[in-house]
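Peer 1: Structure here, sequence nowhere to be found:
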C-alpha cells in the first residue's frame, strides 16, 4: 500500500511499514536525534479510561467543574475533535480555549501522529536529560528535532525510522516523513480561538512551586467562561493535579457552584469507604486477599485505612485547625479531588524497567494510601514511601 497523505489539520495515513524494506538502518548523528535515541509512537490503547468520554485520537478526555478539561496527548484528528467537543459544551458561541501541555520531553508530530524522543535502551521512560527544562527551551529543542528528522529523511528516500510498542518492548518501523511538525505548530494552526501554553512537569513527581505559580499566572485561570484544557502523555497524574488546582481557583472566584455548606459534604458512607480501602489493599499487597489481610490485623486496621481514604492524616488535620474555616475547606478540596478522579489502567513505570498494568484510581488521597501500603513490602528500598510522601505534599 502506498502512503496516502493529506494537508492541513487532517491526520495523514502515511503507512508504517516493517524494517524489511531495503533501506539502511540510520546512524543518527544529530544533537537531539542523537545516537541511541528513537522516535516512539505515543501509545494509549492499554491506558485508556473506561469511565471517560471517548474521543477518537484523544484518550482519557474528561470534563470537570467550571470549564476545566483533561486529556492525554492527542493526535491531530483527536485535537480537532476535542476542540469541537469543548465548543459544544460551552455556552459561549466562540470560546477562547487555553490548552496547557505538561510534557517535559520532546514530542514531534509525523503524519498527524505524535512521537516522543526516547532512549532505545529505556523506551518507556522519560529522558533524564530534559528534567527541569523550561517550556520555551523545550520548544526550541523540538524545533531542532524537526530539522534533524527532515535531514535524516532526505538521506533515506523521505523515510524515517520510528518505533512502536509491541507488548513489553518496541520494534522499529519505517514511516514516510510527511507533515513533520512541532507541538506548537500543530496547535498554532489548529484554531484561531486556541491559546497554547507549555508548562513542563516531571512525570511521576509532585509539582514544584514554579509549576503551580505558572498555572496561577494564566490569564484564564479565574474565568469560569473560558475553557481550560490540560494534557500530558497519558492524561493521568499531572493532568489530574492541574485540573484540581484550576477548579479550586475558579471555584474561589465563582459566584455559584460549590459555594454553600450544603454542597460541601464529607465522604462518610461506610460501605463506600470500606470498598475504597479494600481496593487499595488489593492493588498494594501480593500473595493474600485484602479480607484476609484485614482479618489478620484486626478491625482497627480497617478503620485506619478508611480514615486514610478520607484524607484524615495528622498533618492535614493540623493544617485545617490553623486555617480559617479549615475543616470546610478540606471537605471542599476533597469534593473537587473526587470530581477530577477517573478510572484508568495505569502504567506503573516508576522505579522499574518493566510495565506493570493494573486498574487504579488517580485520586490524591487514595494514592497516598496505596503507596504507603506498597511501602510495607520488605523488599522496597523506600521508593514507594517517597511516592506516598509526594502525593501527601500535593494534598497538603
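Peer 2: Nice, thanks for sending it over. Here the structure is a predicted model, which means the values were calculated and not measured. Numbering: from 1, shown residues only.
Peer 1: Let me see the ranges of the strands in the stretch 151-300 of the chain.
Peer 2: 159-166, 169-176, 181-182, 194-198, 228-232 (DSSP state E, counting those that start in this stretch).
Peer 1: Could you say which of those is packed most deeply?
Peer 2: strand 228-232 (a mean of 27; mean count of other Cβ atoms under 10 Å). No exception for glycine: its C-beta is placed from N, CA and C like everyone else's.
Peer 1: between that strand and strand 194-198, how many degrees?
Peer 2: Strand 228-232 runs at 40 degrees relative to strand 194-198, counting by axes from the mean of the first three to the mean of the last three Cα atoms, to 10 degrees.
Peer 1: Spatially central, which residue of this protein would that be?
Peer 2: residue 235 (2.9 Å; Cα atoms, centre = their mean).
Peer 1: So which elements touch the helix with the most length in the chain?
Peer 2: When the chain is parsed with DSSP state H, its longest helix is helix 135-154. Using 3 or more Cβ pairs under 8 Å, 6 or more residues apart in numbering; DSSP states H and E as the contact test, the elements touching helix 135-154 are strand 107-110, strand 159-166, strand 181-182, helix 183-190, strand 194-198.
Peer 1: Residue 307 is nearest to which of these?
Peer 2: Shortest distance between residue 307 and the helices and strands packed on helix 135-154, using Cβ to Cβ, is found for strand 194-198: 38.3 Å.
Peer 1: how far does the closest one sit from the chain's center?
Peer 2: Its chain's C-alpha centre and that of strand 194-198 lie 17 Å apart, by Cα atoms, centre = their mean, to the nearest Å.
Peer 1: Can you tell me the strand partners of it and which way each runs?
Peer 2: The strands that strand 194-198 pairs with in its sheet are strand 97-101 (parallel) (by DSSP bridges).
Peer 1: Now do the strand it pairs with and helix 135-154, the angle between them.
Peer 2: 80 degrees.
Peer 1: what residues does strand 97-101 touch?
Peer 2: For strand 97-101, contacts defined as Cβ atoms under 8 Å, 6 or more residues apart in numbering pick out 73, 83, 86-87, 183, 187, 191, 193-199, 215, 218-220, 226-232, 242.
Peer 1: burial of residue 292, as a residue count?
Peer 2: Residue 292: 12 surrounding residues under other Cβ atoms under 10 Å.
Peer 1: again with residue 97
Peer 2: Neighbourhood size, residue 97 [other Cβ under 10 Å]: 23.
Peer 1: rewinding a little: how near is the residue nearest to the centre of the chain to residue 98?
Peer 2: Remark: distance between residue 235 and residue 98 (Cβ to Cβ, to the nearest Å) = 16 Å.
Peer 1: Of the strands of the stretch 151-300 of the chain, which is nearest residue 63?
Peer 2: Using Cβ to Cβ, the strands of the stretch 151-300 of the chain put strand 228-232 closest to residue 63, at 9.8 Å.
Peer 1: Report the mean per-residue pLDDT for that closest one.
Peer 2: For strand 228-232, mean pLDDT is 91.
Peer 1: Across the sheet, point out what pairs with residue 166.
Peer 2: Beta-bridge partners recorded for residue 166 (DSSP bridges): residue 169.
Peer 1: Could you measure from it over to residue 123?
Peer 2: Residue 166 sits 10 Å away from residue 123, going by Cβ to Cβ.
Peer 1: can you list the domains in this protein?
Peer 2: 16-253, 270-395 (automatic domain parsing).
Peer 1: Please identify the most buried of these.
Peer 2: domain 16-253 (a mean of 18).
Peer 1: thinking again about what came up before, right, so of the helices and strands packed on helix 135-154, which gets closest to residue 378?
Peer 2: That would be strand 159-166 among the helices and strands packed on helix 135-154, by Cβ to Cβ, at 32.8 Å.
Peer 1: Please list all residues in contact with residue 250.
Peer 2: Residue 250 neighbours (Cβ under 8 Å, 6+ apart): 65-68, 221-224.
Peer 1: Distance to residue 130 and pLDDT added to the residues you listed, as a markdown table?
Peer 2: Formatted as a markdown table, those follow (distance: Cβ to Cβ, whole Å; pLDDT from 0 to 100):
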| residue | distance to residue 130 | pLDDT |
| --- | --- | --- |
| 65 | 33 | 80 |
| 66 | 32 | 84 |
| 67 | 31 | 88 |
| 68 | 27 | 89 |
| 221 | 26 | 81 |
| 222 | 31 | 78 |
| 223 | 31 | 80 |
| 224 | 34 | 77 |
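Peer 1: closest to residue 138 among these?
Peer 2: Nearest to residue 138 among those, counting by Cβ to Cβ, is residue 221 at 21.5 Å.
Peer 1: coming back round to it: and the contacts of residue 250, which is closest to residue 134?
Peer 2: residue 221 (19.5 Å).
Peer 1: re earlier: now the strands of the stretch 151-300 of the chain in CSV, with distance to residue 79?
Peer 2: Shown next, in CSV, are the strands of the stretch 151-300 of the chain (distance: least, Cβ to Cβ, whole Å):
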stretch, distance to residue 79
strand 159-166, 20
strand 169-176, 19
strand 181-182, 11
strand 194-198, 9
strand 228-232, 9
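Peer 1: Indicate which one of those is closest to residue 273.
Peer 2: Closest among the strands of the stretch 151-300 of the chain, once you apply Cβ to Cβ, is strand 228-232, at 28.8 Å.
Peer 1: helices and strands around that closest one, which ones?
Peer 2: Looks like strand 228-232 contacts strand 68-72, strand 97-101, helix 237-253 (3+ Cβ pairs under 8 Å, 6+ apart).
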